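**Student:** please work out how this folds:
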Amino acid sequence: MTQSLSETIKAANQVLIVDGQLAAVGDYFASDYLVNLTDHEMTGGHKIVKDSIKMLRHSFPDVRLELEVFLESDTRIAWQRTLRGTHRAAYRGFPATGQQLVWRDMVVTQFRDGLIAQEWLVTDLAEQLLRTSTHKK
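**Tutor:** Next up is the predicted model:
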């Protein structure tokens, strides 16, 4: 039985982000995966997925998430995850604050042959990092 797109997204988030099982990236992502961010596109397939998750788990080792699916079609899904974690190590130029952060990612995911092929991602993590870094002083 084939998983629905929402089941695949939930499983990928649990296995990769929460559990940190990076060897499973190929079970969820196409080898030519790309992500569209606010101001640029990142290519690199499995490497960018692994690198991003490693960085996130290093900086927020207790990361947890909740996931909500908004819309699902045959090949696309629109969803949001709310992440929580303690900022224990520097992340993208922001020094560790030791504070608990909560942020949201809004994502539209395109599947191809049962794998995540492309995503459009908007996050408010930088805003939360800036806010806590400013209030730390």
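**Student:** where does Lys136 land on pLDDT?
**Tutor:** Looking at Lys136, its pLDDT is 52.
**Student:** next one: Gln3
**Tutor:** At Gln3, the model reports a pLDDT of 86.
**Student:** now the nearest residue to it once chain neighbours are set aside: how far from Ser4?
**Tutor:** Distances taken as Cβ to Cβ, 6 or more residues apart in numbering put Ala11 closest to Gln3, at 7.0 Å, once the chain neighbours are dropped. The way it works is simple: take the backbone N, C-alpha and C, and place the C-beta from them, glycine included. Taking Cβ to Cβ, to the nearest Å as the criterion, Ala11 is separated from Ser4 by 10 Å.
**Student:** what's the burial count for the nearest residue to Tyr28 once chain neighbours are set aside?
**Tutor:** Ranked by Cβ to Cβ, 6+ apart and with sequence neighbours excluded, the top spatial neighbour of Tyr28 is Ala12, at 4.0 Å. Neighbours of Ala12 under the rule other Cβ atoms under 10 Å: 20.
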